[in-house]
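*Asks:* Here is the input, now give the coordinates:
(4 chains)
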There are 2 protein chains.
Amino acid sequence: MKNKITISEIARKSGVSVSTVSRVLNNSPSVSPGKREKIQQIIAEHNYTPSVFARGMVNHTSQNIGVILPDITNPYFASLFMEVQSFAMQSGYATLLFNTMFVRNRKQQSKMSEEDYFRIIQEKQVDGVLVLGGHIDKEDIPDSYIQALNQLHRQIPVVIVGTRIEGCNCLVVERDLKQGVASIVHHFIALGHERIGFIGGEPGIRITTARIEAFKQELRALGRTALDNHIIPSDYYAPDGYEAMRQLLDEPQDTLPTAIIAMNDMVAIGAIRAMKDRGLQCPEHIAIASCDQFPQSEYAIPRITSLDQHNEYLGRMAVLQLISAINGSEEMIRINHTPRLIIRESCGA
Amino acid sequence: MKNKITISEIARKSGVSVSTVSRVLNNSPSVSPGKREKIQQIIAEHNYTPSVFARGMVNHTSQNIGVILPDITNPYFASLFMEVQSFAMQSGYATLLFNTMFVRNRKQQSKMSEEDYFRIIQEKQVDGVLVLGGHIDKEDIPDSYIQALNQLHRQIPVVIVGTRIEGCNCLVVERDLKQGVASIVHHFIALGHERIGFIGGEPGIRITTARIEAFKQELRALGRTALDNHIIPSDYYAPDGYEAMRQLLDEPQDTLPTAIIAMNDMVAIGAIRAMKDRGLQCPEHIAIASCDQFPQSEYAIPRITSLDQHNEYLGRMAVLQLISAINGSEEMIRINHTPRLIIRESCGA
DNA sequence: ACTATTTTTGGTATCGTTACCAAGCTTGAT
DNA sequence: ATCAAGCTTGGTAACGATACCAAAAATAGT
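*Replies:* You can find the predicted model right below:
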């Protein structure tokens, strides 16, 4: 930042005191119309903008929020973040984005722990923090992590998008983990599928476990049972779906599932590719549906049946919750948007 | 931000002056080892972090950079940004991300112009700005836009990733626009294709025009000519590839291209889908290659031949350039990484 | 014309750091 | 012992805004 013009220079050039200029900047009503106009003109002329540092010193606010997520190249987080940033901006906040798992594609995970990020974020003096996914989603979160989060929350409002965590005091915007899966199971059963599998999702992660749980539970409710060797968690990306499907196809042919639920569209795409590489067609040999829709699922071959989880809405609610917390509200926003099943070619009907 | 502990409290609790605490914070050598240790312990105990506001007042630096791009859900920008953030963080900078074209999927473009974003970014007192794509890529940029950029650059170092612009004083990290296309043309010709088309890319955008130009030029150099009705710019996403291909297939069958260059993988995926919907196979009926590789191209059906543009490298260079500009260097970093053609199923060999 | 009241202005302390200078304290050399 | 030269320290003025209070000016009421 090169030499910046200051409020007192504006004041001098306008022939008024800094107080008056400050009033103009903050739209205080008690400034005579003539002076206000003149000052505004001089401000514009010099392209003056008040120093956020000086303002921050007085107000203790930066009008920035921090967003921490594992991987922005993952379309799920990208679409969520898009909405978050847009809504935050409309509310006057800019967004500092932190990827915790950078350069994932090179399998060269960051050396920094998420706790390190909390420290950095705290130093950045943001007005609030949004945590999307990551370690917070683990089944079995180390105590130190919860401590770090609570510690951060003691300083700055923290909103977590996902699930409520035992012992964690941060605010939570909950996302549906079960309804969507149930609706896929229903659809498959209605289509006459008797053997259904589940692939993708990192094992030990809350959402994976919850969805698999919902999957089993729903089958049970309908008088069926899931076979354990038809449930293959792996991770969230196309290679993981590929690998899981490859592994599944090594099972005895006569008991293979006829339908599979994939964690998300990327996993589904990987799985379909694995089938193709074995000379199998989707949906003819195995039908597939995914739990998280990404933009291109409509254009894949075959077009993928998936759940619209209303991420835009989720993102907006998260920001709303954060801003209301920043403004001192204790109220907890509850959302309950049922995921919508979008039926396309990959499930055969 | 709730009540924060200050340097003077740390000083009081340690029984030293604020100066000494400040020295410890800034790793000044002239502090006696005993005191240093004691102070560090008290700092840790109270989880104290110095105020960025107060520091900013003195140093005029926020250790933040601003990144402005059209759409983070576009995998091209996502992967570029991933690299940018990672590298910036390693260099001690956090990243403010601004999407200018938010909620694109709802076709509800932002009401704010990019110029508005420049103003906001300037107010944010970042130490530098990175501009990735957007209006800066237009063939014919309004003068007001260039003015706004130059104006911003007068205050803060601005680095543009893309192409050098006439009249724009900002620093530029240039990206190859032609070599990659040329290598695809060569490959297609070597495979015996005589009629080649080009689809995707927003018309009036520098990269679109440049690639189409390179496409024509390379064909000419090899003694062929491109047919104008086989060149269909549209945009960068799957629906745009779909639409362009649909349009192309409406042409008389006997003169249809046998190979097509797509702007990027999303466009290619859309185009392949359009073919499929007309009962055509890729690569059997029409071969396809794309100019920008995205993560899933390897798993699509068919696997897509595309160019690896070395985005990670580009992102890193951009940050390097920006940081060196922040530190007062005038030197311009030149890069010249030839895109690498990755041959997969969609081009038939 | 002279208060009383309201509106508009200006002055100054304050926020939490760092930079800079001056002072105190060692240490070692004479 | 004395003094110069180096370490360590502390005190204080910035940095650029806002908040608050007091003063001045404008307006209204008698």
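
*Asks:* what's around the residue in the stretch 101-250 of chain A positioned nearest to DNA strand D, how many residues?
*Replies:* Using Cβ to the nearest atom of the strand, residue A:125 is the residue of the stretch 101-250 of chain A that sits closest to DNA strand D, at 14.2 Å. All C-beta spots, glycine's among them, are computed from the backbone N, C-alpha and C. Taking other Cβ atoms under 10 Å in any protein chain shown as the criterion, the count of residues near residue A:125 is 24.

*Asks:* now do the one 10 residues further on
*Replies:* For residue A:135, the number of neighbouring residues by other Cβ under 10 Å comes to 19.

*Asks:* Could you find the closest non-adjacent residue to it?
*Replies:* With sequence-adjacent residues excluded and distances taken as Cβ to Cβ, 6 or more residues apart in numbering or on different chains, residue A:135 is closest to residue A:114, at 4.9 Å.

*Asks:* what's the spacing between that neighbour and residue B:115?
*Replies:* Summarising the geometry, the distance separating residue A:114 from residue B:115, computed by Cβ to Cβ, to the nearest Å, is 37 Å.

*Asks:* And the residue nearest to residue A:135, how close does it get to residue A:121?
*Replies:* Here residue A:114 is placed at a distance of 10 Å from residue A:121 (Cβ to Cβ).

*Asks:* Domain map for chain A?
*Replies:* As assigned by automatic domain parsing, chain A contains the domains A:7-50, A:64-176+A:311-339, A:179-308.

*Asks:* so residue A:264 makes contact with residue A:288?
*Replies:* No: the pair residue A:264 and residue A:288 does not pass the contact test of Cβ atoms under 8 Å, sitting 11.5 Å apart.

*Asks:* circling back: quick check: neighbours shared by residue A:114 and residue A:121?
*Replies:* Jointly contacting residue A:114 and residue A:121 under the rule Cβ atoms under 8 Å, 6 or more residues apart in numbering or on different chains are residue A:68.

*Asks:* Between the two, which is the more surrounded one?
*Replies:* The neighbour comparison of residue A:114 against residue A:121 (other Cβ under 10 Å) goes to residue A:121, with 23 against 19.

*Asks:* thinking again about what came up before, shouldn't the residue of the stretch 101-250 of chain A closest to DNA strand D be within a helix?
*Replies:* No: according to DSSP: H, G, I helix; E, B strand; the rest coil, the state of residue A:125 is coil, so it is not within a helix.

*Asks:* ranges for the helices of the stretch 51-200 of chain A?
*Replies:* With DSSP state H, counting those that start in this stretch, the ranges of helices along the stretch 51-200 of chain A come out as A:52-59, A:75-90, A:114-123, A:143-155, A:179-190.

*Asks:* With just CA atoms, put the longest one into CSV.
*Replies:* Written as CSV, here are the backbone C-alpha positions of helix A:75-90 (Å, rounded to 0.1, in the frame of the first residue of the first chain):
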residue,chain,number,x,y,z
PRO,A,75,-17.4,-29.0,-6.2
TYR,A,76,-19.4,-29.5,-3.0
PHE,A,77,-17.3,-26.9,-1.2
ALA,A,78,-17.0,-24.7,-4.2
SER,A,79,-20.8,-24.3,-4.6
LEU,A,80,-21.2,-23.9,-0.9
PHE,A,81,-18.5,-21.3,-0.7
MET,A,82,-19.9,-19.4,-3.8
GLU,A,83,-23.1,-18.9,-1.9
VAL,A,84,-21.3,-18.0,1.3
GLN,A,85,-19.2,-15.4,-0.3
SER,A,86,-22.0,-13.9,-2.3
PHE,A,87,-24.3,-13.6,0.7
ALA,A,88,-21.5,-12.4,3.0
MET,A,89,-20.6,-9.7,0.5
GLN,A,90,-24.2,-8.5,0.3
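
*Asks:* by how many degrees do that helix and helix B:114-123 diverge?
*Replies:* Between the axis of helix A:75-90 and that of helix B:114-123 there is an angle of 80 degrees, by axes from the mean of the first three to the mean of the last three Cα atoms, to 10 degrees.

*Asks:* Briefly note if helix A:75-90 comes near chain B.
*Replies:* Yes: against chain B, helix A:75-90 shows contacts by Cβ under 8 Å from any Cβ of the partner chain at A:75, A:78-79, A:81-83, A:85-86, A:89.

*Asks:* and what of the first one?
*Replies:* Yes: applying Cβ under 8 Å from any Cβ, one finds that helix A:52-59 is in contact with chain B at A:52-57.

*Asks:* other SSEs contacting that helix?
*Replies:* Helices and strands in packing contact with helix A:52-59 are listed as helix B:52-59; criterion 3 or more Cβ pairs under 8 Å, 6 or more residues apart in numbering or on different chains; DSSP states H and E.

*Asks:* then the helix it packs on to CSV, C-alphas only?
*Replies:* Coordinates of the C-alpha atoms in helix B:52-59 are reproduced here as CSV (Å, rounded to 0.1, in the frame of the first residue of the first chain):
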residue,chain,number,x,y,z
VAL,B,52,-3.5,-6.7,13.2
PHE,B,53,-5.2,-3.3,13.4
ALA,B,54,-2.6,-1.7,15.5
ARG,B,55,0.2,-3.4,13.5
GLY,B,56,-1.4,-2.2,10.3
MET,B,57,-1.5,1.3,11.5
VAL,B,58,2.2,1.3,12.0
ASN,B,59,3.4,-0.9,9.1
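
*Asks:* Show me which residues of that helix are buried.
*Replies:* Neighbour-count burial for helix B:52-59, counted by 16 or more other Cβ atoms under 10 Å in any protein chain shown, picks out B:52-53, B:55-56.

*Asks:* Show me which residues of the stretch 51-200 of chain A sit near DNA strand C.
*Replies:* Within the stretch 51-200 of chain A, the residues that sit near DNA strand C (Cβ under 7 Å from any atom of the strand) are A:54, A:57-58.

*Asks:* Go again with 10 Å.
*Replies:* Listed as neighbours of DNA strand C in the stretch 51-200 of chain A under the rule Cβ under 10 Å from any atom of the strand: A:53-60, A:125.
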